[in-house]
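**Q** the sequence isn't on hand, but the structure is:
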């Protein structure tokens with residue numbers, strides 16, 4: 001699992017692999033030089049011919065991920081819940097890249113829709129190699145004012161959707177021998193912020209879900225990883241009249257806000273043969 005506010009990889013040498021560290025950090029190692037795209041064993045970062053489903057790909061981070069997977073050679077099914085126009089725009093850009101695509105709609109708070117969305121993607125693309133669980137919602141409220149309805153909405157979409165999309169996708173992902181699931185979490189899974197208690201709890205659940213699923217699906221050669229972005233500027237940020245790009249940049253050590261296009265390459269890497277030993 002790879003999870004960081006700014007999506008960072010750390011190089012470990014063999015001295016790191018002590019029993020204590022392996023228990024603490026898991027069995028995953030990023031193998032420094034061996035992860036270059038010119039590896040002698042032929043593993044590359046290309047996704048040529050792979051078939052991917054990206055949920056929540058009608059806008060923001062999901063759209064950026066879907067387009068990057070297509071740039072690297074994948075055929076991509078674009079899921080949306082409410083942003084039909086954005087999903088069609090994403091699909092049009094994928095077609096312009098010469099890749100196959102399909103647009104599928106579904107409310108991922110409903111298990112039946114999760115199953116249908118996966119099945120529709122499989123039918124349209126002829127199979128499935130990659131699932132990117134990205135679709136979700138952010139709802140902010142003071143902890144003492146959080147209603148049962150709002151709580152259920154956030155958990156049902158953010159966690160239930162990930163769980164049952166992955167469950168439906170797993171039988172398809174293990175057919176090609178290089179199945180990959182990438183769950184999009186958030187820095188809120190580790191770092192607190194006012195009025196985000198329920199949302200943060202869903203992201204912590206996604207982190208735990210990723211670790212457990214990686215263990216359960218490893219015997220089937222399906223890798224499961226997680227990316228937890230920090231501040232990625234999407235349109236809803238500007239719903240806050242006090243937010244500006246400059247104020248957002250002041251909160252990020254690198255000195256600029258992240259953009260949806262910044263997440264796509266990390267997802268593409270985790271879906272590639274270059275990340276074949278990362279789960």
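**A** Noted; the coordinates are in hand. This is a predicted model, so every value here is computed, not measured.

**Q** what is the neighbour count of residue 145?
**A** 8 (other C-beta atoms under 10 Å). Yep, even glycine has a C-beta here, placed from its N, CA and C like the rest.

**Q** where does the stretch 151-279 of the chain have low pLDDT?
**A** 187-191, 193-197, 235, 237 (pLDDT under 70).

**Q** in it, which spans are strands?
**A** Ranges of strands within the stretch 151-279 of the chain are 179-184, 222-227, based on DSSP state E, counting those that start in this stretch.

**Q** mind putting those strands into TSV with mean neighbour count?
**A** Converted to TSV, the strands of the stretch 151-279 of the chain look like this (neighbours: other C-beta atoms under 10 Å):
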stretch	mean neighbour count
strand 179-184	26
strand 222-227	25
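
**Q** now those strands as CSV including distance to residue 130?
**A** CSV is the format used below for these (distance: least, C-beta to C-beta, whole Å):
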stretch, distance to residue 130
strand 179-184, 5
strand 222-227, 10
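
**Q** nearest to residue 46, of these?
**A** In terms of C-beta to C-beta, the element of the strands of the stretch 151-279 of the chain nearest to residue 46 is strand 179-184, at 13.6 Å.

**Q** the closest one - contacts with which helices or strands?
**A** helix 60-71, strand 130-133, helix 161-173, helix 197-217, strand 222-227, helix 260-271 (3 or more C-beta pairs under 8 Å, 6 or more residues apart in numbering; DSSP states H and E).

**Q** give me the residues contacting the fifth one.
**A** Residues outside strand 222-227 that contact it (C-beta atoms under 8 Å, 6 or more residues apart in numbering): 1-3, 7, 166, 170, 173-174, 179-185, 206-207, 210, 213-214, 217, 263, 266-267, 270, 275-276, 278-279.

**Q** just the buried residues of the residues you listed.
**A** 1-3, 7, 166, 170, 173, 179-185, 206-207, 210, 213-214, 217, 263, 266-267, 270, 275, 278-279 (16 or more other C-beta atoms under 10 Å).

**Q** in contact with the spatially most central residue of the chain, which residues?
**A** By C-alpha atoms, centre = their mean, the mean C-alpha position of the chain lies nearest to residue 184, the distance being 3.2 Å. With contacts defined as C-beta under 8 Å, 6+ apart, residue 184 is in contact with 61-62, 65, 132-134, 136, 226-229, 263, 267.

**Q** tell me the one of these nearest residue 255?
**A** Ranked by distance to residue 255 (C-beta to C-beta), these are led by residue 229 at 16.5 Å.

**Q** look up the closest residue to that closest one, ignoring the ones flanking it.
**A** Closest residue in space to residue 229, ignoring its immediate chain neighbours: residue 263 at 5.7 Å, by C-beta to C-beta, 6 or more residues apart in numbering.

**Q** residues touching the one you found, list them.
**A** So residue 263 contacts 7, 61, 64-65, 184, 227, 229, 232 (C-beta under 8 Å, 6+ apart).

**Q** same thing but at 7 Å, please
**A** 61, 64-65, 227, 229, 232 (C-beta atoms under 7 Å, 6 or more residues apart in numbering).

**Q** next, count neighbours for residue 148.
**A** Using other C-beta under 10 Å, residue 148 has 7 other residues around it.

**Q** likewise for residue 211?
**A** With other C-beta under 10 Å as criterion, residue 211 counts 17.
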